[in-house]
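K.L.:
Compute the structure for the input listed below.
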Amino acid sequence: MSRRLKFLCGFVLLILTATAPAAQTPPAIRCIPQDAVICMQLSRPKALLELLTSQEVMQAVTASPLYRQQASNPKLTEFVNVVKYLETTLETDWRTGLAKLSGGGITIAICPQDTVVAIVDAEDERLLARLHEIFLNFARAEAQKQGRAERVISRQYGEVTAWTFDGREAHAIVGKRFIFASRSEGLKAVLDLIAQPGGQSLAADPAFQAAMRAGNADAMATAFVNLKPLLGIPKVAQLLEKSRVNPLAALAFAGISESFRNSSWLNVGLGIEGKTLTVRALTDGKVAGPTSPAAFAVPQKSDEGAWPNLVVPRRIAALSLYRDLHAFYASKDTLFPERTSGLIFFENMMGIFFTGRDLTSEVLAETEPEVRIVVAEQQYDPAVGTPQVKAPAIAAVLRLRHPEQFKPVVEEAWQKAVGLINFTRGQQALPGLVIDRPVHGETKFTMAAFSTADVEDKTKLDTRFNLRPALALPGAYLILSSTDGLARDLIDAVTHKTDPPTAPLVRIHSLLEIDGAGAASALSANRETLVRGDMVKKGRTQQEAEAGIDLLIGLVRLIDRAKVSIGTRDDLSEIHLETKLNLPQSQ
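P.N.:
Here you go, the predicted model:
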C-alpha cells in the first residue's frame, strides 16, 4: 500500500472516530463506590452560581470589612492575576467559565481510609481539556523548580490516562467529566464503575435509595450520609450520650438525639428561591412513641405541636418547644438515673419556694406542654442609666392548666426567690433588689431592680443593671423575664387577639427563629466591649480585633431572618431550615 493511500485511510478513520457518538458515561452517582459514607450532589450548579455571583452578593462581599482589609494583600492580588490570566488564555470571563466547567453537575463523596472523590461534569469538553493543560504546565514547572519533576506523572487505566501532580492525588478526564480522588485507589474504583456500569455503586445501596425517595426530587443539591459508621465513632457516640444524660440537653434535644441514634441514614436537600435558601434534613430514625422516655418532647396527637413564636419589638431570637415538663421530670430516673441523687438539692430548693408542694405532681403538672423563650435587645431609660455591657433580655412563657388556683403559688415562689437573693447579697454587704408592682394594660405584675440613686455616672453602669427580673401572669400565661421591659412586650403579645386564633404547629416539636437585624443591632451596641475582649483573649491588635468583630456584624446583617423547625413527617424525623438573605439592592 502506497504512503499516500495509508495517509488517506488514516485521515478517514480519524474523521469517523471524531464524528462518531461517544459512549455514554453512566450518571455520576453510579460511579461512586458503595462504601461511601457521605455523598453530596449539586445537580444545578448554575443556579447556585447565579446567586453567589449576583450583583447583590458581590456588592455585599466587596463592602465587607474582611474584603477591604484583604484588598491590598499580595496573595489576593496574585490570585486575581491568575484569574485574569486564565480568562485571557481560555477566552472567557470567570463566571461563564465556571458555568461551562461545572454546569453538568458536581458530585463529591467521602469514602473509608480518608478517600475523597469528586466528579465534575462540564458542558464544554474543549474548555475542560485546555484548563487541564494549563494546570499541567503549571505543575510541571513548579515540580522542576523544586527538583522533583517525577511528581508529575501519568499512567493508563485501561483506555483512560490518569495524572498526578503531587504523587498523592490522582485525576483523569473522561469526555466532559473530570474525576478527582485524594488517593489513586479512589480513582481506580471510580474508573472501574465507569467501565462496568453494573458494578456495586452507591446508587444500588438500599439505604441510599430509601433516602433519595424520601427527599425532595427538585432539590438543587442533596447530601446522603450513612449514619451507621458515623455513630460508631467514639466522639460522636459520646456527644449523643452527653445530650442524653444531661437534664438540660435532654430537655432541649429530646427526640432529636434519639432519632439520630436510631437512624441508618440522613438525607439533606438544598433549595433556592430568590433570596431564600431552604435546607431540609430527613432521617429514618423512629420517633418517640407513647412509651418512650422521650415521649414528653414529641406530639402524640394529630393536632398537637409547638406554638408559633411570640413577636416583640427588637427581637433577636425566639424558641418554641413542645415539652411536657411534668412527663419529663417524672421520667428522670429513666432518662438520667446517674443524676437522680444530684437533683435532690434542686427538689429541696423548689420545695422551699413552692411551700412543700411536690415538684412533679403539684408544680410541673400545672403547666401545658408548651415552652416559649424570647430574646430581645433592651431599651434603657436614661433616667435609670445604661450599663457598659448591654446584655439582651430573655424571658420564658408558659401556659397554666389552672391559672386561678396556681397564680398565687407562683407569685409567692417568685418573691421568695428574690428575697433569697437579697438575703445572700446582704450577707456580702451588697445592694439588693427593690420590688415594685407596676401595671401594664390590664395586668398588674411584679418586678425588681437595683437602684441607681447613689450612682453618679449612669452612662457606664455595672453589668448587674441589665437585670430587672419580672413575673407577669396575664390570663392563663406565666411570663418570667429578666427585664420588666420585655415582660411588658410579652404581655401585649400573649393578650393580643388574632383572627383566626393562633393554633399549634402540627407535628412540630421545636421551632427556632433568628432575626438578623436584631442580632446585628445587639452586637453593634457592644462593639467596643467585644473588641476589647478579643484583644485580651486572643492577643490581637485593636485593628485586627475591630476587623474581626466588624466582619461578624456584617455577616449577621446579611441574614434577614432564619427559621429552623423540627418535627415528624410520615414516621420520619424532619429538620427544616429557611434563611432569607438581606442583600443590598442592585444599582
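K.L.:
so where is the protein shaky, pLDDT-wise?
P.N.:
1-24, 65-66, 243-245, 287-289, 339-340, 585-587 (pLDDT under 70).
K.L.:
Could you list the domains of it?
P.N.:
26-204, 208-284, 303-506 (automatic domain parsing).
K.L.:
what about the ones you listed, which gets the closest to residue 556?
P.N.:
domain 303-506 (10.1 Å; CB to CB). Placement of C-beta: from N, CA and C, glycine included.
K.L.:
quick one: terminal-to-terminal distance for the closest one?
P.N.:
6 Å (CA to CA, to the nearest Å).
K.L.:
got it, and stretch 163-182?
P.N.:
12 Å.
K.L.:
just stretch 448-462 next, same as before
P.N.:
For stretch 448-462, the end-to-end distance is 16 Å (CA to CA).
K.L.:
In it, which residues are buried?
P.N.:
448, 449, 450, 452, 458, 461 (16 or more other CB atoms under 10 Å).
K.L.:
Pick out whichever of those residues sits closest to residue 162.
P.N.:
residue 461 (68.1 Å).
K.L.:
That closest one and residue 387 touch, don't they?
P.N.:
Yes - using CB atoms under 8 Å, residue 461 and residue 387 qualify as a contacting pair, with a distance of 4.4 Å.
K.L.:
follow-up on the earlier one: biggest separation within the buried residues of stretch 448-462, which pair?
P.N.:
The widest separation within the buried residues of stretch 448-462 (CB to CB) is 18.9 Å, between 448 and 458.
K.L.:
Closest one of the buried residues of stretch 448-462 to residue 220?
P.N.:
Relative to residue 220, and with distances defined as CB to CB, the nearest of the buried residues of stretch 448-462 is residue 461, at 49.8 Å.
K.L.:
that older thread, the domains of the chain: which one's closest to residue 551?
P.N.:
domain 26-204 (4.7 Å).
K.L.:
end-to-end on that closest one?
P.N.:
Per CA to CA, domain 26-204 runs 13 Å from first to last residue.
K.L.:
mind checking the SS state of residue 57?
P.N.:
Following DSSP: H, G, I helix; E, B strand; the rest coil, the label given to residue 57 is helix.
K.L.:
Let me know the helix or strand that the residue nearest to it when sequence neighbours are not counted is in.
P.N.:
Excluding its sequence neighbours, the residue lying closest to residue 57 (CB to CB, 6 or more residues apart in numbering) is residue 583, at 6.2 Å. Per DSSP states H and E: residue 583 is located in neither a helix nor a strand.
K.L.:
Now for residue 583, how many residues are close by?
P.N.:
17 (other CB atoms under 10 Å).
K.L.:
same thing with residue 240?
P.N.:
Neighbours around residue 240, by other CB under 10 Å: 16.
K.L.:
doesn't residue 259 make contact with it?
P.N.:
No - using CB under 8 Å, residue 240 is not in contact with residue 259, being 10.6 Å away.
K.L.:
now stretch 524-540, how far from the centre of its chain.
P.N.:
Chain-centre distance of stretch 524-540: 25 Å, with CA atoms, centre = their mean, to the nearest Å.
K.L.:
Output it in CSV with nothing but the alpha carbons.
P.N.:
In CSV, the C-alpha atoms belonging to stretch 524-540 read as follows (Å, rounded to 0.1, in the frame of the first residue of the first chain):
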residue,chain,number,x,y,z
SER,A,524,-23.2,46.7,67.3
ALA,A,525,-24.3,48.1,70.7
ASN,A,526,-21.5,46.0,72.4
ARG,A,527,-18.8,46.5,69.7
GLU,A,528,-16.3,48.2,71.9
THR,A,529,-16.7,45.6,74.6
LEU,A,530,-16.3,42.8,72.0
VAL,A,531,-13.2,44.4,70.5
ARG,A,532,-11.6,44.7,74.0
GLY,A,533,-12.4,41.1,74.8
ASP,A,534,-10.9,39.9,71.5
MET,A,535,-7.7,41.8,72.2
VAL,A,536,-7.4,40.4,75.7
LYS,A,537,-8.4,36.8,75.0
LYS,A,538,-6.8,36.3,71.6
GLY,A,539,-3.9,38.7,71.8
ARG,A,540,-4.9,40.7,68.7
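K.L.:
Contacts for it, please.
P.N.:
377, 388-390, 523, 541-542, 544-546, 548-550, 553 (CB atoms under 8 Å, 6 or more residues apart in numbering).
K.L.:
let's see it at 10 Å
P.N.:
377-378, 380, 386-392, 523, 541-550, 552-553, 556-557 (CB atoms under 10 Å, 6 or more residues apart in numbering).
K.L.:
Please indicate which of those residues are buried?
P.N.:
377-378, 380, 386-387, 389-392, 523, 545-550, 552-553, 556-557.
K.L.:
Keep only those of the contacts of stretch 524-540 that are in helices.
P.N.:
Of these, the ones assigned to helices by DSSP state H are 523, 542-550, 552-553, 556-557.
K.L.:
Can you pull the phi/psi pair for residue 299?
P.N.:
When read as degrees, to the nearest 10, the backbone of residue 299 gives phi -60, psi 130.
K.L.:
For it, which non-adjacent residue is closest in space?
P.N.:
Nearest one to residue 299, counting by CB to CB, 6+ apart, is residue 305 at 5.0 Å.
K.L.:
count of neighbours near residue 257?
P.N.:
By other CB under 10 Å, neighbour count at residue 257 equals 20.
K.L.:
and it, what element?
P.N.:
Going by DSSP H and E, residue 257 is part of helix 256-261.
K.L.:
Output the contacting helices and strands for that helix.
P.N.:
Contacts defined by 3 or more CB pairs under 10 Å, 6 or more residues apart in numbering; DSSP states H and E place helix 256-261 against helix 227-231, helix 234-245, helix 247-253, strand 276-283, strand 559-569, strand 572-581.
K.L.:
Go again with 8 Å.
P.N.:
Applying 3 or more CB pairs under 8 Å, 6 or more residues apart in numbering; DSSP states H and E, one finds that helix 256-261 makes contact with helix 227-231, helix 234-245, strand 572-581.
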